[in-house]
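A.B. asks: Below is the structure, and that's it, no one-letter string:
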């Protein structure tokens, strides 16, 4: 029995020694405990993007380089994404820039997108003129007037003016501004009685052709014509356009708003801004005795919205069949590609396939539209045909 006990003790001692040797050779095992996570250190503070757009006055394809857009200097570095959209970096090209300030206060561009300059035109009354700043308020639109603007006529508050230019975030940069003459505009329909090189007799009205008016159709003695122009004296018209009634008119149904009405008896000459594409087109609309004018929703006055059924003779001249005064701006729907959107927010002005779209806090946004997205926008236009969005849906999401 003593031998058995002694043998067991020897075996136990040997096993203990082996275990100690093995434990010293094996790597230590970490205890099965959970260490609290170290909170992440604060990242670089968020920086605010500066977004601006305008014509490039200085630019280069070299990197790094200094560019100037709208008098703002900024650096284009290796991290800058330059989207050329098929255009060449050169003065006179339109660019939209998203930039941040570095530690020295220098603007560094994150993104530079080159694009064609959006054009536009308006015809409305001059509300205010700030000659010092070079800004006219035409209707609800700021018009930027510079030394390069071709101004015809004498601008004055309450005068009607036609402006053509290019849209920017600051308004319409005008390349042409034509102030309407104070002469009485008129339209007259009658038959050609006599034709001379610079003067026609239409019924008993003398028509002055010295202004080289546009003539649609083939005029001849006895032809029925419509003469658009200004009344220089009783029964005398200086013609701007003459339309020969040859049955070639095209029937159209259009929407727009009323600017002015000239004449004291039929036919009246309405100046109307028609909604077309991304902007408006100023036109003349002749209203005769047989024209149906539906004023159930309100009287036709300055800035009344209109639904117009008319015969178009080209050259922005129409003869109205029916005009309906609308109670509110007509609904519009556009589908296109998001070309521009506010930086860091959805609120503000977007550009969708050339259309200016204003997104407000009440706009319902469906999906997550971004630059390059295909979207459908529902809303109502303002007087410059910028769409106030009621909803915007990103398609394919």
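C.D. replies: Sure thing, it's come through. All values derive from a computational prediction rather than experimental measurement.
A.B. asks: how about low-confidence regions in the stretch 51-200 of the chain?
C.D. replies: 169 (pLDDT under 70).
A.B. asks: where exactly do the strands run in it?
C.D. replies: 65-69, 72-76, 81-83, 94-101, 107-115, 119-130, 135-138, 141-144, 150-152, 160-168, 171-179, 184-196, 199-202 (DSSP state E, counting those that start in this stretch).
A.B. asks: right, and those strands - which one's nearest residue 318?
C.D. replies: Ranking the strands of the stretch 51-200 of the chain by their distance to residue 318 (criterion: CB to CB) puts strand 184-196 first, at 10.6 Å. Placement of C-beta: from N, CA and C, glycine included.
A.B. asks: Packing partners of that closest one?
C.D. replies: If contacts are counted by 3 or more CB pairs under 8 Å, 6 or more residues apart in numbering; DSSP states H and E, strand 184-196 sits against strand 199-202, strand 224-233, strand 250-262, strand 268-276, strand 279-287.
A.B. asks: I'd like to know which of the strands of the stretch 51-200 of the chain lies nearest to residue 55.
C.D. replies: Comparing the strands of the stretch 51-200 of the chain by CB to CB, strand 94-101 comes nearest, at 6.0 Å.
A.B. asks: Can you give me the pLDDT of the most centrally placed residue in the chain?
C.D. replies: Note on the chain: the residue nearest the mean C-alpha position is residue 356, at 3.0 Å, using CA atoms, centre = their mean. As predicted, residue 356 sits at a pLDDT of 92.
A.B. asks: let's have the chain start at 812 instead
C.D. replies: Okay, residue one is now 812; in that scheme the one you just asked about reads as residue 1167.
A.B. asks: Can you tell me the closest non-neighbouring residue to it?
C.D. replies: residue 1197 (4.2 Å; CB to CB, 6 or more residues apart in numbering).
A.B. asks: same deal with residue 878?
C.D. replies: residue 870 (4.5 Å).
A.B. asks: wait, that neighbour sits on residue 903?
C.D. replies: No: assessed by CB atoms under 8 Å, residue 870 is found out of contact with residue 903, at 9.9 Å.
A.B. asks: Tell me which of the two has more neighbours.
C.D. replies: Just comparing residue 870 and residue 903: by other CB atoms under 10 Å the higher neighbour count belongs to residue 870, 22 against 9.
A.B. asks: how close does that one sit to residue 892?
C.D. replies: Distance of residue 870 to residue 892, given as CB to CB, to the nearest Å: 15 Å.
A.B. asks: now do residue 1066
C.D. replies: Taking CB to CB, one finds residue 1066 at 40 Å from residue 892.
A.B. asks: now do residue 1193
C.D. replies: Distance from residue 1193 to residue 892, counting by CB to CB: 33 Å.
A.B. asks: ok, now residue 977?
C.D. replies: 24 Å.
A.B. asks: neighbour count winner among these two?
C.D. replies: residue 977 (17 against 11).
A.B. asks: Quick check: beta-bridge partners of the more buried one?
C.D. replies: residue 930, residue 984 (DSSP bridges).
A.B. asks: so who does it touch?
C.D. replies: The contact partners of residue 977, taken as CB atoms under 8 Å, 6 or more residues apart in numbering, are 905, 928, 929, 930, 931, 983, 984, 986.
A.B. asks: Not counting stretch 1181-1190 itself, show me its contacts.
C.D. replies: For stretch 1181-1190, using CB under 8 Å, 6+ apart, the contacting residues are 1142-1152, 1163, 1166, 1168, 1178, 1180, 1198-1208.
A.B. asks: Show me which of those are buried.
C.D. replies: Applying 16 or more other CB atoms under 10 Å to those, the neighbour count classes 1143, 1145, 1147, 1149-1152, 1163, 1166, 1168, 1180, 1198-1205 as buried.
A.B. asks: What about the residues you listed, which are in strands?
C.D. replies: Among the buried ones among the contacts of stretch 1181-1190, DSSP state E puts 1143, 1145, 1147, 1149-1151, 1163, 1166, 1168, 1198-1205 in strands.
A.B. asks: hang on, isn't residue 875 packed against residue 890?
C.D. replies: No: look at residue 875 against residue 890 with CB under 8 Å: they stay out of range, at 10.0 Å.
A.B. asks: so how far is residue 1015 from residue 1048?
C.D. replies: 12 Å.
A.B. asks: Compare neighbour counts for those two and give me the winner.
C.D. replies: Neighbour count, other CB under 10 Å: between residue 1048 and residue 1015, residue 1048 has more, with 25 against 8.
A.B. asks: Which secondary structure element is home to that one?
C.D. replies: strand 1047-1055 (DSSP states H and E).
A.B. asks: Return the set of buried residues in that strand.
C.D. replies: In strand 1047-1055, counting by 16+ other CB under 10 Å, buried: 1048, 1049, 1050, 1051, 1052, 1053, 1054, 1055.
A.B. asks: Right, I'll leave it there.
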